[in-house]
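Peer 1: My questions concern the predicted model and sequence given below.
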Amino acid sequence: MAALGAYRCIECNGEATELYRDYQRGVLRISICKSCQKPVDKYIEYDPVIILINAVLCKAQAYRHILFNTKINIHGKLCVFCLLCEAYVRWLQLQDSSQNTDPDDLIRYAKEWDFYRMFGIASLEQTSFFIGIFITLWWMTPEMLKTKSDFILLLKALLLSTYGKLLLIPAVIWEHDYTPLCLAFIKVFVLISNSQAIRVTLNLSRILPWFAIFFGLILENGVVCLFQKMGWDV
Ligand SMILES: [Zn+2]
């Protein structure tokens with residue numbers, strides 16, 4: 001049997017030793033939480049599509065299921081993929097603003113370099129945003145971020161909850177009059193998802209994650225302004 005606290009109850013965030021008990025002959029029974037008397041994790045029986053829909057709806061239970069009760073390990077790849085999407089969208093907007101159809105090799109290399117530059121800027125902004133969040137939370141709730149594993153879990157939660165950026169690609173591919181509105185909507189959705197991930201990971205109220213996100217956005221924009229002042233074309 002797993003150690004106490006290996007899992008979490010998705011309803012009350014209480015610790016649980018197991019998600020289900022195996023009664024042989026294929027009979028499984030979902031464990032009941034000792035604190036709230038509800039099933040520890042009803043999602044273990046659900047179809048992944050239903051879980052994904054619940055996660056998209058930003059339900060805290062679905063976030064707890066994914067973060068605490070599964071061994072999902074795609075946050076690194078997902079982060080790189082999201083940054084590529086963001087870099088591509090910015091690169092595309094840059095091409096639109098500088099109309100140049102000259103098929104010269106030099107132009108082609110310059111365009112390629114622009115893409116890497118956009119990737120670098122997107123990574124820098126994302127890192128500053130996360131650092132802002134970490135500093136605020138560490139300052140406001142030092143008791144919740146005591147160990148290295150607390151930081152790693154929060155980072156994993158933030159990286160996973162940024163998945164909404166994948167929607168940037170369809171938003172620019174099917175370009176129409178409402179594309180700027182869609183891009184703004186995606187940004188807001190990612191922030192809501194980030195806030196819910198912070199709230200679930202550290203078991204906080206609704207206000208504090210938003211405060212951390214606000215500070216993260218300030219730091220992100222501050223870093224961009226600093227680079228612009230230094231003469232970088234950001
Ligand atoms: Zn419970």
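Peer 2: Arrived safely, thanks for sending.
Peer 1: Report how many residues lie close to the residue lying closest to residue 28 once chain neighbours are set aside.
Peer 2: Counting by Cβ to Cβ, 6 or more residues apart in numbering, residue 28 lies nearest to residue 20, which is 5.0 Å off, once chain neighbours are set aside. Just so you know, the C-beta spots here come from the backbone N, C-alpha and C atoms, and that holds for glycine as well. Here the number of neighbours of residue 20 (other Cβ atoms under 10 Å) works out to 14.
Peer 1: Dig out what residue 20 forms beta bridges with.
Peer 2: Beta bridges link residue 20 to residue 30 when assigned by DSSP bridges.
Peer 1: What parts of this protein come near the ion?
Peer 2: Contact residues (Cβ under 5 Å from the ion) of the chain with the ion: 9, 11, 12, 14, 33, 35, 36.
Peer 1: three-state assignment of the spatially closest residue to the third one that is not a sequence neighbour?
Peer 2: What sits nearest to residue 12 in space, not counting adjacent residues and going by Cβ to Cβ, 6+ apart, is residue 36, at 4.1 Å. Three states are possible here, and by DSSP: H, G, I helix; E, B strand; the rest coil the one that applies to residue 36 is coil.
Peer 1: who's in contact with the lowest-mean-pLDDT helix or strand in the chain?
Peer 2: The least trusted helix or strand in the chain, going by mean pLDDT, DSSP states H and E, turns out to be strand 20-22, with a mean of 83. Contacts of strand 20-22 with the rest of the structure, by Cβ atoms under 8 Å, 6 or more residues apart in numbering, involve 28, 29, 30, 31, 44.
Peer 1: picking up where we left off before, quick one, phi/psi of the residue nearest to residue 12?
Peer 2: When read as degrees, to the nearest 10, the backbone of residue 36 gives phi -110, psi 0.
Peer 1: Wait, residue 60 touches residue 199, no?
Peer 2: Yes: at 7.0 Å, residue 60 counts as touching residue 199 under the criterion of Cβ atoms under 8 Å.
Peer 1: more crowded one of these two?
Peer 2: Shown here are residue 60 and residue 199; by other Cβ under 10 Å, residue 199 has more neighbours (20 against 16).
Peer 1: Report pLDDT for that one.
Peer 2: Note on residue 199: pLDDT of 95.
Peer 1: check contacts around it.
Peer 2: By Cβ under 8 Å, 6+ apart, residue 199 lies in contact with 60, 205, 206, 208, 209.
Peer 1: Of those residues, which belong to strands?
Peer 2: Using DSSP state E, no member of the contacts of residue 199 sits in strands.
Peer 1: now for those, which pair is the farthest apart?
Peer 2: 60 and 208 (14.6 Å; Cβ to Cβ).
Peer 1: Domains of this structure: list them as residue ranges, please.
Peer 2: 7-68, 75-229 (automatic domain parsing).
Peer 1: Do a quick rundown of the helices in this structure.
Peer 2: Remark: helices assigned in the chain by DSSP state H are 48-56, 60-68, 75-97, 105-140, 148-160, 168-173, 179-202, 207-229.
Peer 1: what's the span of stretch 141-157, first residue to last?
Peer 2: Counting by Cα to Cα, to the nearest Å, you get 17 Å between the two ends of stretch 141-157.
Peer 1: Show me how far it is from its chain's centre.
Peer 2: Put simply, stretch 141-157 sits 15 Å off its chain's centre (Cα atoms, centre = their mean, to the nearest Å).
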